[in-house]
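Colleague: Need coordinates for the below:
(2 chains)
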Amino acid sequence: METVDPKSGEGMVCGCCNVPLETIKVTISYLKSTFPAEIPGCPRCGQVYIPEDLALGRMAEVERTLEDK
Amino acid sequence: MNHQDLRAMEELCIQEHAPPCTSHCPVHVDVRGMIRKITENDTPGAFDLFRKAAVFPGIISRLCDRPCESFCNRKNLGGSLAINALERFCAEAVETAYPMKAAPRASKPLRDQRKTIAVIGGGLLGLTAALVLYEKGYQVTVFEAEEIIGGRLNRFPQDRLPPEVLRRDLSVFDTLPISIKTGIRIEPSQAGTKLAEGFEAVILAVPGAFHGNRFFETSEPGVFARDGGENTPWSPILDICRGKGLALSAERYIKRVSLTSSREFEGPYETQLYTNLQGKTSKERKDLFADPAEALAEAQRCFNCSCLECVRHCVYLEQFGSYPKRYVREISNNLAIVFGIKTAKPLVNSCSLCGLCAEVCPNSLDMSTVALHARREMVKKGSMPPAIHDFPVRDMLFSNQENCLLTRRQPGTEANSYVFFPGCRLSGLQKDHVLSSYGYLTSRLEGGVGLMLGCCGAPAKWSGREELFQETLKNFRSRWESLGCGTVITACSTCKAVLTEAFPEMETLPLWEFFLRHDLPPAPEGLPERCSILDPCTARYDETTRKAVRALLQARGIAVAELPHSGVLTQCCGYGGLVLYAKAEIAGKTVQRRLEESDNPYVAYCSMCREAFAGRGKPVWHLLDLVFGSPGEHSPKAKGPGISRQQDTRLLLKKELLETFWEEKMEERQDNETALYMDPAVTEALEKRLILLRDVREVIAAAEKTGQRLKNNKTNHLIAHLKPGIITYWVEYAPEGDGYRVYNAYSHRLEILEDR
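Modeller: Alright, predicted model coming up:
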């Protein structure tokens, strides 16, 4: 999955660490498939942020593709 | 159902069977394809299709005795299509425009078989056999008694078979390495001597001593002859057919393979293809074309025969762009693959399992049995994505948890002749009707009317989760037995169908029947004068229920205008088979089509049907609205309560039933009922995204407890997520008063493996 627009995490801070979100590397998993992705998240504790347009757009598309496979 | 059963089901689909013109044509000209090309102004393409089967296009287009036309579906609607005239039109067009391209075409043999075959007789029959054998790679010698080949073709009057046409068709032998020996008369009785001369097989293409059987065998091995028929009128097209058959028999004889196998479709046969002629109008046949436009007009009379009955009636079958034969093949192939890409999942999960296809199919092919079987297999093998049916199954489990379940005998009686089982949908959508119905039944029926709340298990069944379905049925049965059994009174056709199939010994009756047996409550005000009925798909084979509903409407004085899709031909609303959750757009299209079937207000007697059709501009009454009235907020035009309220209503229903009929107070629930505030747009989004308020509360509670949440410094909104099951929920919120204001909520199925 391609990198998410870095601006999507702008103005967001981690509620635990009180630091601004940055683009972090995560692993995404669904239906026996795993792949790396870069999404906004806390550089310190790793708490992630999935913006609405990502969840309902590209992620939903990937979900459908994997479900139909 | 095993792989073979699936193959047998696939065979039931007749869409790929030939149209009658082609099946009755001895050489099976693709008439439908040819006509289509004419209508597309591709005359050379049409001619190619004709030549491919007819071998000698000039001769056949002039002389064919056209058996195809007697079987044309146009026969009684303006006259059979002028197929032969159109073939001739194509031939003449190509002869005029591209004379070099009008001759027969023999493809180059793929390999030299190094075997020789003698063909005795150089007429149409023998020449066809010779040409076909050449294409198969044999060295062919034709012996003709006359000085020129062609036999009787040379004796036709010029106006029937112009000499240049005959010459062009026979010119193919001028260039091919087929040995033509003219002026040599070989008596049929001498055919065997050719074998002795070294020919591997002999084809006797003149009338004579030998009469071949259906496979052209004679009493002499290696000698093949036509099957007599000297006393029947000569048919040029049958000669082409027999020439091909003779060639095939000779080849099989030489190759020492079965002479008879897979030859059932050789020559004319009866096709199984069904073409619905309803609504087709008559149009006069034209045999002679003054110009190409007239030929085109004649070609356009072709019905382009095909079945596709099920595809015409079903949005799902139409949506995938093909027909059941291919669908079943795709599904069964996918089930057979252990590893590899499976492409049939959307096909498997988009069927409403309603069975309409079986009703309209001439062979009763039922896609629902294939789709349901595939779902069960996929669940068993772990290849079914659980998220697809997650919401309806969780909703079912909610209905069957202790807070919602109720199993009671009628207060004050030990007897239990009946059990009222309203089902989970009505309980969530219109609880007042459940209260009124139970009150009605207990006051009218003798022998005790018990009550059971809960879900029958249909969502588990439809999702292919067989184990869960059986467990749900088992629990239902044990609750029913604990009451002392009794006739089950249902208010939902799905419950009735599920229970009847699972427990044939359990008597079930529709609630509507009792309003007819006893008195009807006073008529509410504002009832429609006329309506159309939305029969649920689960009542397709339940005539008792369908009749009772109509009688009830009659008793209320409401005129009924039947929809084209009603009774046994009814369509599903999209909830059946859980299509709504797997492919919402298919469910939506089905509903839209049915909405357009009539301008009348609709009456539904399935709560899910009512919900699917309501809120789209047309009044949609639930049958119980017409019995007890439409309580308060339930306008026939409005949709019922949303997914969260339906669950709350089921909880509330149990409480109200216990208070009303058993005078029992339920303990107040100690749930996390934090106040949530949101704009209608947010409520609507939650509804569409199948996010319950319960899910939202859970996310906020966890975030507030652990502090794990994000903050948007621009808006001061908090954003938190939680994955309580297989779905991850995100909520954007902020504290407000005694609770929280929710600004947004969404979910995803992909799992983010966070490294915290």
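Colleague: Now do whichever residue of the stretch 401-550 of chain B sits closest to chain A: how many residues are near it, please.
Modeller: With Cβ to the nearest Cβ, the shortest gap between the stretch 401-550 of chain B and chain A falls at residue B:463, namely 13.6 Å. Heads up, the C-betas are built off the backbone N, CA and C, glycines and all. When neighbours are counted by other Cβ atoms under 10 Å in any protein chain shown, residue B:463 registers 27.
Colleague: Which residues are in contact with it?
Modeller: Residue B:463 is in contact with B:375, B:379, B:384, B:388, B:389, B:392, B:393, B:578, counting by Cβ atoms under 8 Å, 6 or more residues apart in numbering or on different chains.
Colleague: give me that answer again for 10 Å
Modeller: Contact analysis of residue B:463 by Cβ atoms under 10 Å, 6 or more residues apart in numbering or on different chains lists B:349, B:372, B:375-376, B:379, B:384, B:386, B:388-390, B:392-393, B:396, B:469, B:577-578, B:581-582.
Colleague: Among these, which ones lie close to chain A?
Modeller: Restricting those to those near chain A by Cβ under 10 Å from any Cβ of the partner chain leaves B:349, B:384, B:386, B:388, B:582.
Colleague: Go through those residues and give me the one with the most neighbours.
Modeller: Busiest of the ones next to chain A among the contacts of residue B:463 [other Cβ under 10 Å] is residue B:349, holding 26 neighbours.
Colleague: picking that back up, the contacts of residue B:463 in helices, which ones?
Modeller: Taking DSSP state H, the ones among the contacts of residue B:463 that sit in helices are B:349, B:372, B:375, B:376, B:379, B:390, B:392, B:393, B:396, B:469, B:581, B:582.
Colleague: Widest-spaced pair of these?
Modeller: B:372 and B:390 (18.5 Å; Cβ to Cβ).
Colleague: quick one: which of the two has more around it?
Modeller: The residue with more neighbours, out of residue B:372 and residue B:390, is residue B:372; 21 against 17, by other Cβ under 10 Å.
Colleague: Flag the helix or strand of chain B with the lowest per-element mean pLDDT.
Modeller: helix B:191-196 (a mean of 85; mean pLDDT, DSSP states H and E).
Colleague: what pairs with the next helix or strand after it, and is each one parallel or antiparallel?
Modeller: Once the chain leaves helix B:191-196, the next helix or strand it forms, by DSSP states H and E, is strand B:201-204. Neighbouring strands of strand B:201-204 in its sheet, by DSSP bridges, are strand B:116-120 (parallel), strand B:223-225 (parallel).
Colleague: Show me which residues of the stretch 551-700 of chain B are close to chain A?
Modeller: The stretch 551-700 of chain B has residues B:582, B:685, B:689 near chain A, with proximity defined as Cβ under 10 Å from any Cβ.
Colleague: Quick check: of the residues you listed, which lies closest to chain A?
Modeller: residue B:689 (8.2 Å).
Colleague: burial measure for that closest one, as a count.
Modeller: The number of residues packed around residue B:689, counting by other Cβ under 10 Å, is 16.
Colleague: Now do the helices in chain A.
Modeller: A:52-56, A:58-68.
Colleague: Buried residues, the shortest one. List them.
Modeller: Of the residues in helix A:52-56, those buried by neighbour count under the rule 16 or more other Cβ atoms under 10 Å in any protein chain shown are A:52, A:54, A:55, A:56.
Colleague: Quick one: list the elements packing against that helix.
Modeller: Here helix A:52-56 touches strand A:33-41, helix A:58-68, strand B:728-736, strand B:739-748, going by 3 or more Cβ pairs under 10 Å, 6 or more residues apart in numbering or on different chains; DSSP states H and E.
Colleague: as a whole number, average confidence for that helix?
Modeller: Helix A:52-56 carries an average pLDDT of 95.
Colleague: which residues sit against it?
Modeller: With Cβ under 10 Å, 6+ apart as the test, helix A:52-56 has contacts from A:1, A:4-5, A:8, A:37, A:39-40, A:50, A:59-60, A:63, B:685, B:689, B:719, B:721, B:728, B:730, B:732, B:744-750.
Colleague: so how far is it from its chain's centroid?
Modeller: Helix A:52-56 has its C-alpha centroid displaced from the chain centroid by 10 Å (Cα atoms, centre = their mean, to the nearest Å).
Colleague: can you tell which of the helices and strands packed on helix A:52-56 is closest to residue B:235?
Modeller: Here helix A:58-68 is closest among those (Cβ to Cβ), at 52.9 Å.
Colleague: Give me the angle between that closest one and strand A:33-41.
Modeller: Angle of helix A:58-68 versus strand A:33-41, following axes from the mean of the first three to the mean of the last three Cα atoms, to 10 degrees, is 170 degrees.
Colleague: how about low-confidence regions in chain A?
Modeller: Residue ranges of chain A with pLDDT under 70: A:1-7.
Colleague: do that again at 80, thanks
Modeller: Applying pLDDT under 80 to chain A picks out residues A:1-10.
Colleague: Tell me which residue is most central in it.
Modeller: With distances taken as Cα atoms, centre = their mean, residue A:39 lies nearest the centre of chain A, 3.7 Å away.
Colleague: Right, and chain A sits closest to which residue of the stretch 251-400 of chain B?
Modeller: Taking Cβ to the nearest Cβ as the measure, the stretch 251-400 of chain B has residue B:385 as its residue closest to chain A, at 4.1 Å.
Colleague: Find the nearest non-adjacent residue to that residue, please.
Modeller: residue A:67 (4.1 Å; Cβ to Cβ, 6 or more residues apart in numbering or on different chains).
Colleague: what's the answer for residue B:408, then?
Modeller: Residue nearest to residue B:408 in three dimensions, not counting chain neighbours: residue B:451, with 5.2 Å by Cβ to Cβ, 6+ apart.
Colleague: Who does the helix or strand in which that neighbour is found pair with, and is each partner parallel or antiparallel?
Modeller: Residue B:451 is part of strand B:449-453, with elements assigned from DSSP H and E. Sheet pairing here is set by DSSP bridges, and for strand B:449-453 it gives strand B:406-408 (antiparallel), strand B:418-421 (parallel).
Colleague: Helix or strand next in line after it, which one?
Modeller: helix B:458-462.
Colleague: Run through the neighbouring helices and strands of that next one.
Modeller: The contact analysis (3+ Cβ pairs under 10 Å, 6+ apart) places helix B:458-462 against helix B:367-381, helix B:390-399, helix B:424-429, helix B:466-482, helix B:493-502, helix B:579-582.
Colleague: Tell me how far it lies from the chain's centre.
Modeller: A distance of 21 Å separates the centroid of the chain from that of helix B:458-462, by Cα atoms, centre = their mean.
Colleague: before we move on, the earlier item: neighbours of the residue nearest to residue B:408, how many?
Modeller: 24.
Colleague: what about it, distance to residue B:15?
Modeller: 49 Å (Cβ to Cβ, to the nearest Å).
Colleague: swap in residue B:499?
Modeller: Distance, residue B:499 to residue B:15, using Cβ to Cβ: 36 Å.
Colleague: Those two: who's more crowded?
Modeller: Neighbour totals were compared for residue B:499 and residue B:15, and residue B:499 leads with 22 against 18 (other Cβ under 10 Å).
Colleague: which residues sit in contact with that one?
Modeller: Contact analysis of residue B:499 by Cβ under 10 Å, 6+ apart lists B:421, B:456, B:457, B:473, B:476, B:477, B:480, B:488, B:490, B:506, B:507, B:508.
Colleague: let's see 8 Å
Modeller: B:421, B:456, B:476, B:488, B:490, B:506, B:508.
Colleague: Then residue B:52?
Modeller: Per Cβ under 8 Å, 6+ apart, neighbours of residue B:52: residue B:30.
Colleague: Apply 10 Å and report the result again.
Modeller: Residue B:52 neighbours (Cβ under 10 Å, 6+ apart): B:27, B:29, B:30, B:33, B:34, B:105.
Colleague: For the fifth one, give its distance to residue B:429.
Modeller: By that I understand residue B:34. Relative to residue B:429, residue B:34 is positioned 56 Å away (Cβ to Cβ).
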